[in-house]
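Enquirer: need a 3D model of the following:
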Amino acid sequence: MILRISLLLTILACLTFTPAAVINERAHVNDDSEAAAVPDSRASTSSFYSFRRDLRKCASPRCGGYFVKLVNQARTRCADNRWASECYVASIEGNGQAEPENDRALLRGTMVLRGNRNGHFGVFRATEIWQAASANEPSGTFFRVRDRGIRCIAAPCATHHEARLNSTQSRDIAGVDLSAAGAPENLLSEATQTMTSTNGILVSGDHAPVTGPAGRMQMLKATQFYLRAGKTTSALKPCMKTGCSGQVCSDHEVITTCEYRTEYECYKKAACERQANGDCGFTPTPELNACLRRSR
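Expert: As a prediction, the model looks like this:
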């Protein structure tokens, strides 16, 4: 009797630890469900905003500031504690940082209420500024993405970690594809390197399934990505109008001769910002193109 019980326990132990059971467990992790990951704290993902400039024509500070909103959220709490789809702030304070180059940047910070003889207005205090890598319009969901430093023999493999901004949702994914963001090669290379750091990069995009010998997982396909200002190379220095008549858009001072041409008037109202190829230039809006045609 004792011999039979011992034999039965031995068989059960063999079935429990058979290699097939290990393979099935791996397959369970490597499907479309979230790969096992330690949740990110809200402190690492909170207070990220998009913004747009206020183009209304009225006296400052009532107009001419910015509209800001939390990314990935339908409502935002404004400086006056009211909830809205977006909040007006009279100014953005960068705490010594360079102002965002354009409306495609992301901001991290808080709103405060300030008052003067003209009334009470919100002010946005930016602690971090993240510059967009290209002129692409972002779409999809915003994440902080890090390279986990893991490489596997069989694909797909959970090589990267994503954390949804302004939430506690996070998971490991089978990589991130930055090719559709339209960024120049130098910024793609910089993003790949920066993803190996603790803070990683910010990415907007959507998921797509990938399959392979190791099963099925999700990867992130970027529509835009962001590098933190002040933490990147000189390629992201702010663009400025320079030259004798402000006819040159560059990230450094340029000395030119001072003959005057009528088309130089067109550049006075033109946006000088980094273009899709990574270089500074005047954004070719319909207004600028029409002005240049008239001047010629």
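
Enquirer: which residues does residue 177 contact?
Expert: 219, 220, 221, 222 (Cβ atoms under 8 Å, 6 or more residues apart in numbering). Heads up, the C-betas are built off the backbone N, CA and C, glycines and all.

Enquirer: if you rank those by neighbours, which is first?
Expert: residue 222 (27 neighbours; other Cβ atoms under 10 Å).

Enquirer: ok, which stretches of the stretch 151-296 of the chain are helices?
Expert: 185-194, 286-295 (DSSP state H, counting those that start in this stretch).

Enquirer: out of those, which gets the lowest mean score?
Expert: Note on those: helix 286-295 shows the lowest mean pLDDT, a mean of 89.

Enquirer: and that one, what's buried?
Expert: 288, 291, 292 (16 or more other Cβ atoms under 10 Å).

Enquirer: same list (the residues you listed) but as a markdown table, adding distance to residue 214.
Expert: Shown next, in a markdown table, are the buried residues of helix 286-295 (distance: Cβ to Cβ, whole Å):
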| residue | distance to residue 214 |
| --- | --- |
| 288 | 51 |
| 291 | 57 |
| 292 | 55 |
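
Enquirer: next SSE downstream of the least confident helix or strand in the chain by mean pLDDT?
Expert: Ranking every helix and strand in the chain by mean pLDDT, DSSP states H and E puts helix 19-29 at the bottom, with a mean of 32. Remark: after helix 19-29, the chain's next helix or strand is helix 42-45, criterion DSSP states H and E.

Enquirer: what is that following helix packed up against?
Expert: Counting contacts by 3 or more Cβ pairs under 8 Å, 6 or more residues apart in numbering; DSSP states H and E, helix 42-45 is packed against strand 160-164.

Enquirer: distance between the strand it packs on and the chain's centre?
Expert: 12 Å (Cα atoms, centre = their mean, to the nearest Å).

Enquirer: give me the helices and strands touching it, please.
Expert: With contacts defined as 3+ Cβ pairs under 8 Å, 6+ apart, strand 160-164 has these neighbours: helix 42-45, strand 141-147, strand 170-173.

Enquirer: ok, the residue nearest to residue 144 when sequence neighbours are not counted to residue 77 distance?
Expert: Ranked by Cβ to Cβ, 6 or more residues apart in numbering and with sequence neighbours excluded, the top spatial neighbour of residue 144 is residue 163, at 4.8 Å. Remark: distance between residue 163 and residue 77 (Cβ to Cβ, to the nearest Å) = 21 Å.

Enquirer: what's the answer for residue 282, then?
Expert: 37 Å.

Enquirer: same check on residue 176?
Expert: 31 Å.

Enquirer: ok, these two, which is more surrounded?
Expert: Per other Cβ under 10 Å, whichever of residue 176 and residue 77 has more neighbours is residue 176, with 24 against 13.

Enquirer: which residues does the spatially closest residue to that one that is not a sequence neighbour contact?
Expert: Excluding the flanking residues, the one nearest residue 176 by Cβ to Cβ, 6+ apart is residue 220, at 4.4 Å. The contact partners of residue 220, by Cβ under 8 Å, 6+ apart, come to 143, 145, 160, 162, 173, 175, 176, 177, 203, 205, 206, 207.

Enquirer: report pLDDT for the first one.
Expert: Spelled out, it's residue 143. 98.

Enquirer: correct me, but it touches residue 160?
Expert: No: the criterion here is Cβ atoms under 8 Å, and residue 143 misses it with residue 160 at 9.7 Å.

Enquirer: higher neighbour count, the two?
Expert: Legend: neighbour count by other Cβ under 10 Å for residue 143 and residue 160, higher for residue 143 (31 against 23).

Enquirer: need the contact list for that one.
Expert: 162, 163, 164, 165, 202, 203, 204, 205, 220.

Enquirer: just the strands from the stretch 1-150 of the chain, written as ranges.
Expert: Ranges of strands in the stretch 1-150 of the chain, per DSSP state E, counting those that start in this stretch, are 48-53, 66-70, 76-77, 83-84, 87-89, 91-93, 106-116, 119-132, 141-147.

Enquirer: thinking again about what came up before, as CSV, the helices and strands packed on strand 160-164 with distance to residue 130 would be great.
Expert: Below are these laid out as CSV (distance: least, Cβ to Cβ, whole Å):
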stretch, distance to residue 130
helix 42-45, 13
strand 141-147, 10
strand 170-173, 18
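
Enquirer: among these, which is nearest residue 51?
Expert: strand 141-147 (13.4 Å; Cβ to Cβ).

Enquirer: parallel or antiparallel, which strands does the closest one pair with?
Expert: strand 160-164 (antiparallel), strand 201-212 (antiparallel) (DSSP bridges).

Enquirer: understood, closing this out.
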